[in-house]
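Novice: this is a predicted model, with the sequence first.
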Amino acid sequence: MEFDAKFTFGVSGILIALVAYVLSQRRERLVGIPVMTGYGDDHERAMVDGTLKYPTTPFVIETQRPFVIVPACTFEELGRISQAKATLWGVQKQEMCGDYTGLWQHNVELNQALRLHLHRNLADTVSSVEDKIDWVFAEELGSPHDWKAFRVHEVTVRIVARLVAGVFVGARFARDDEWTRLSLGLATDLVYARDAIKKWPTWFQPIAGPFLKDIRNVNSQLTKMAKMLQPVIENSVLEDTNSFRQTLYDEKKIDLEHGGGEPEGTFMSWVLSRLKTADPEVIARVQLSLSFASINTTTNALVFMVIDLAARSEYTQPLREEIEQVIREDNVQEDENGVLRLKQSSLNKLWKLDSFMKESSRLSKNGITNLRLVQQPITLSTGHRLPKGTRIAFDTLSVHLSTATQTFSPEYNPPENKPPTEFDGFRFYRLRKMQGKENLHRFATASAESLTWGYGDHTCPGRFFADYELKVLLVELLRKWDIRVKDPKSTNSQTLRKMRELVVVVPRDAEVELRRRKV
Ligand code: HEM
């Protein structure tokens, strides 16, 4: 009898816990928002058809965790809503296993650090990229005087990873092959981990997650990287009498032994001034969130820019002429190591290059931006209610390719500008030449009609750095290298652009040929 009572008590307890769990997970249903069914994995077609069928109202695309695609007429209002109502971080964590790896768990501090300090230190960070560019190119490309084939993604991802490490972690990390291997391996392994966790139903993921081999693999790499970062973290942290952490960055603490005179832990010191902990594991994971946010995005953009340059040789000469003209005008000299230091003011004069970069990114097959997880119910001006837990996204292509927008309407554009479905490298150059439009169509501009960097509260805080970093990279490439596609018949920069689950997929096998220019 006593056993029965205990048994009944126990079972009831479990049942109550289960019911409580199920109730807590219960979601208000989406009402009046149609689902694009019958498309299987062809999400791109589902999106194109959805936008044609429902141009002014939301619809659902059935990716593994479905998204509500909101119409362009709601971008402005959604761009203004606070993070308390809808946040990018919720989606990032869902997509990239943040709950099990600790990545993106300190997004607030990461963002504050970038929005405040990166902006203030832009000149130093750009100069730090310029310092390393010659060495990084030589390391990854060698110095071939005859045409040599390279896989674009393979080399660009390593170049970007080394630069990001050199600028944000410490100069010696740019040269550290083990660091490069780990940070690139991590980017790939996180995708495996995400795919592994997505095989489980969402309710079971918190139970299965910590035990999955791929998640454990990511965590063991993160721990290895944290160990490598430990001396830098220790260097960057000073404990004062109140045991409150402060940074030594302002004093430019220098690692004379390894860093070649450059300050180490630049980004870490920005984060430390925001974080209430100096736990190396936590700081390392914030550092790695930064690497993750910056390496793949910049690489993807650069891959297409390089392929576009190679495939559209008619742009090379005008771009080179613009660069040389700015160098002459601003009287910039290479130093004794062959390093060309273009200030931001000079880089800002490269309007044609800026336009080419923006055009290349505009046509990227990144089908969605502004991914948000709704935190509090939102009612759109269309009358549709988006309950808590809804995942929403902006359909990028319907805006970037639409003559219904001001930017791409025939009335707004000079007659030489091609329709938005075609590549026109100097489209934005011509738009900026129009009176009063100089700043509206820059590569780094984020707006409801230019969604490369997202729009609203979460707009990419790294965009100005990425803009200058890419310009420095492309100036180096254009000045010192000849470039051509390996196989003109199969390299169509348009058909190489593909998407999966609505996100751009970079062509890993695409090759270009490079050779050092004879100057
Ligand atoms: C070409 C390169 C890049 C592209 C295309 C890009 C694009 C984006 C986009 C689309 C978002 C989401 C914005 C939104 O949903 O509203 C974003 C967010 C973010 N980006 Fe970038 N990004 C790039 C480079 C960088 C770099 C170099 C850094 C760091 C130095 C960086 C740091 C971040 C961070 C931390 C966030 C999250 C912002 C937040 O949570 O509020 N990105 N980026």
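Specialist: Structure's in. What do you need?
Novice: all helices for the stretch 401-519 of the chain, in order.
Specialist: Taking DSSP state H, counting those that start in this stretch to define them, one finds helices in the stretch 401-519 of the chain at 427-433, 463-480.
Novice: of all these, which lies closest to the ligand?
Specialist: The ligand sits nearest to helix 463-480 of all the helices of the stretch 401-519 of the chain, at 3.8 Å, using Cβ to the nearest ligand atom. For every residue, glycine as well, the C-beta is placed using N, CA and C.
Novice: please save the CA atoms from that closest one in PDB.
Specialist: C-alpha atoms of helix 463-480 as PDB (Å, rounded to 0.1, in the frame of the first residue of the first chain):
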ATOM      1  CA  ARG A 463      29.700  46.800 -41.800                       C
ATOM      2  CA  PHE A 464      32.000  49.800 -41.900                       C
ATOM      3  CA  PHE A 465      35.000  47.600 -41.000                       C
ATOM      4  CA  ALA A 466      33.900  45.000 -43.600                       C
ATOM      5  CA  ASP A 467      33.600  47.700 -46.200                       C
ATOM      6  CA  TYR A 468      37.100  49.000 -45.700                       C
ATOM      7  CA  GLU A 469      38.600  45.500 -45.200                       C
ATOM      8  CA  LEU A 470      37.100  44.400 -48.600                       C
ATOM      9  CA  LYS A 471      38.300  47.600 -50.300                       C
ATOM     10  CA  VAL A 472      41.900  47.000 -49.000                       C
ATOM     11  CA  LEU A 473      41.700  43.400 -50.200                       C
ATOM     12  CA  LEU A 474      40.400  44.300 -53.700                       C
ATOM     13  CA  VAL A 475      42.800  47.200 -54.100                       C
ATOM     14  CA  GLU A 476      45.700  44.800 -53.400                       C
ATOM     15  CA  LEU A 477      44.300  42.300 -55.800                       C
ATOM     16  CA  LEU A 478      43.700  44.800 -58.600                       C
ATOM     17  CA  ARG A 479      47.000  46.600 -58.300                       C
ATOM     18  CA  LYS A 480      49.300  43.600 -57.900                       C
END
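Novice: please see if that helix touches the ligand.
Specialist: Yes - contact between helix 463-480 and the ligand, assessed by Cβ under 6 Å from any ligand atom, occurs at 465-466.
Novice: just checking, what packs against that helix?
Specialist: On a contact count with 3 or more Cβ pairs under 8 Å, 6 or more residues apart in numbering; DSSP states H and E, helix 463-480 meets helix 122-141, helix 152-168, helix 280-311, helix 316-329, helix 344-347, helix 351-362.
Novice: for the ligand, which of those helices is the nearest?
Specialist: Here helix 280-311 is closest among these (Cβ to the nearest ligand atom), at 3.4 Å.
Novice: hmm, the closest one in reach of the ligand?
Specialist: Yes - Helix 280-311 lies within reach of the ligand by Cβ under 6 Å from any ligand atom, at 290, 293-294, 297-298, 301.
Novice: hang on, the earlier thing: want to throw the helices of the stretch 401-519 of the chain into CSV with mean neighbour count and mean pLDDT?
Specialist: CSV is the format used below for the helices of the stretch 401-519 of the chain (neighbours: other Cβ atoms under 10 Å; pLDDT from 0 to 100):
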stretch, mean neighbour count, mean pLDDT
helix 427-433, 21, 98
helix 463-480, 21, 97
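Novice: among these, which is nearest residue 388?
Specialist: helix 463-480 (29.7 Å; Cβ to Cβ).
Novice: just among the residues of helix 280-311 next to the ligand, which is most surrounded?
Specialist: Sorting the residues of helix 280-311 next to the ligand by how many neighbours each has (other Cβ atoms under 10 Å) puts residue 301 first, at 25 neighbours.
Novice: can you put the helices and strands packed on helix 463-480 in TSV and add distance to residue 189 and mean pLDDT?
Specialist: Compiled in TSV, these are given as follows (distance: least, Cβ to Cβ, whole Å; pLDDT from 0 to 100):
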stretch	distance to residue 189	mean pLDDT
helix 122-141	22	92
helix 152-168	14	93
helix 280-311	11	89
helix 316-329	37	98
helix 344-347	35	96
helix 351-362	27	97
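Novice: out of those, nearest to residue 406?
Specialist: Going by Cβ to Cβ, the one of the helices and strands packed on helix 463-480 nearest residue 406 is helix 351-362, 14.7 Å.
Novice: packing partners for the closest one?
Specialist: Looks like helix 351-362 contacts helix 280-311, helix 316-329, helix 427-433, helix 463-480 (3+ Cβ pairs under 8 Å, 6+ apart).
Novice: just the CA atoms of it, as PDB, please.
Specialist: Below are the C-alpha coordinates for helix 351-362, written out as PDB (Å, rounded to 0.1, in the frame of the first residue of the first chain):
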ATOM      1  CA  TRP A 351      33.200  55.100 -55.800                       C
ATOM      2  CA  LYS A 352      33.400  52.700 -58.700                       C
ATOM      3  CA  LEU A 353      34.900  50.000 -56.500                       C
ATOM      4  CA  ASP A 354      32.300  50.700 -53.900                       C
ATOM      5  CA  SER A 355      29.600  50.400 -56.500                       C
ATOM      6  CA  PHE A 356      31.000  47.100 -57.900                       C
ATOM      7  CA  MET A 357      31.100  45.600 -54.400                       C
ATOM      8  CA  LYS A 358      27.500  46.700 -53.700                       C
ATOM      9  CA  GLU A 359      26.300  45.300 -57.000                       C
ATOM     10  CA  SER A 360      28.100  41.900 -56.400                       C
ATOM     11  CA  SER A 361      26.500  41.700 -53.000                       C
ATOM     12  CA  ARG A 362      23.000  42.800 -54.200                       C
END
